[in-house]
Every structure is written in structure tokens, then in C-alpha cells.
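Colleague: sequence and predicted structure, then a few things I'm wondering about:
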Amino acid sequence: MKFARSQKGMSILGWLMVLALVAFLASAAFKVLPHYFDYMSLEKIITAVETDSASQVGSVGEFYSHVEKGMSVNSIRDLKLKDALKVKLENNEFRAHLKYEKREPLIQNIDLVVRFDKEFRVRMP
């Protein structure tokens, strides 16, 4: 029977293993991607202090207020701003240090961890 030898391709077991791997990677991506989108939104909110003429940010308290409003608009609720963002006013510019990490459970005691750490220098408007 030459016909059986000439057949090539993956078996059902092979396809199930590939499907399981794709499902695992998709599950991990769907758990981590929202945190990256929140981080990118926070970056835009912080850098918008410099370019947004409508917001008159002149103190550290107003800076925090501006970021909190942006977080509210973007539905970022699972982050404590005072713990994640440290702001100082030096030489007519804000130095904002955004540093936090998020954990998402993957399988029982295995977590996915994303860590964000960036410093911004934002001039006062």
C-alpha cells in the first residue's frame, strides 16, 4: 500500500496540540494587553499636561488632579495613583516617575507579571 505512505500532514493529535498552544498564548495575551493599553493611556495623559492649553496645571496637586481626571475618562480604575506616580516640581518643569507592576493569575500559582517604569519631564504650560 503505497497510498498510506504518501499521505502527509498532521494528525488529529497534532492539530489538538497546536490548538491548545494557540489557546494558551491567546489567553496570556488577553490578560496582559489591557495593562499595556492602560499604560499607554497614562503616558498620553502625563505628556498632555505640556500641550493641553485648557488645563492650567501649576502645582503638583493640580498635576495629580489632571491625571486622575484622565484616568477616570479612560476607565483606569485598578491603579492607585499615589502609589504608582511620584511627581516633583523642579525648575519650572514637572518630573513624574510612573512605576508600578501588575499581576494576572495564569494557572493556579503561576502569574503573569508586567512591570512599568518610566520617568517624564514635563514643562509647565
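Modeller: Arrived safely. Worth saying up front: this structure is predicted, and the values here are computed from it rather than measured.

Colleague: any idea which residue sits dead centre in the protein?
Modeller: Y36 (2.0 Å; Cα atoms, centre = their mean).

Colleague: element containing that residue, please.
Modeller: Y36 is part of helix 12-51, with elements assigned from DSSP states H and E.

Colleague: contacts for the next helix or strand after that helix next, please.
Modeller: Downstream of helix 12-51, the next assigned helix or strand under DSSP H and E is helix 60-73. For helix 60-73, contacts defined as Cβ atoms under 8 Å, 6 or more residues apart in numbering pick out 41-42, 44-46, 48-49, 55-57, 77, 79, 81-82, 85, 87-89, 94, 96. For glycine as for every other residue, the C-beta is placed from the backbone atoms N, C-alpha and C.

Colleague: now the buried members of those.
Modeller: 41-42, 45-46, 48-49, 55, 57, 79, 81, 85, 87, 94, 96 (16 or more other Cβ atoms under 10 Å).

Colleague: where does confidence bottom out across those residues?
Modeller: pLDDT across the buried ones among the contacts of helix 60-73 is lowest for S55, at 75.

Colleague: if we can go back for a sec, and the helix holding Y36, which residues are buried?
Modeller: Across helix 12-51, burial judged by 16+ other Cβ under 10 Å covers K31, V32, H35, D38, Y39, S41, L42, I45, I46, A48, V49.

Colleague: that helix to helix 60-73, inter-axis angle?
Modeller: 140 degrees (axes from the mean of the first three to the mean of the last three Cα atoms, to 10 degrees).

Colleague: helices or strands up against helix 12-51?
Modeller: Here helix 12-51 touches helix 60-73, strand 93-107, strand 110-123, going by 3 or more Cβ pairs under 8 Å, 6 or more residues apart in numbering; DSSP states H and E.

Colleague: who does the second one touch, helix- and strand-wise?
Modeller: Translated: strand 93-107. helix 12-51, helix 60-73, helix 81-84, strand 85-90, strand 110-123.

Colleague: could you do the last one as well?
Modeller: Counting contacts by 3+ Cβ pairs under 8 Å, 6+ apart, the secondary-structure elements packed against strand 110-123 are helix 12-51, strand 93-107.
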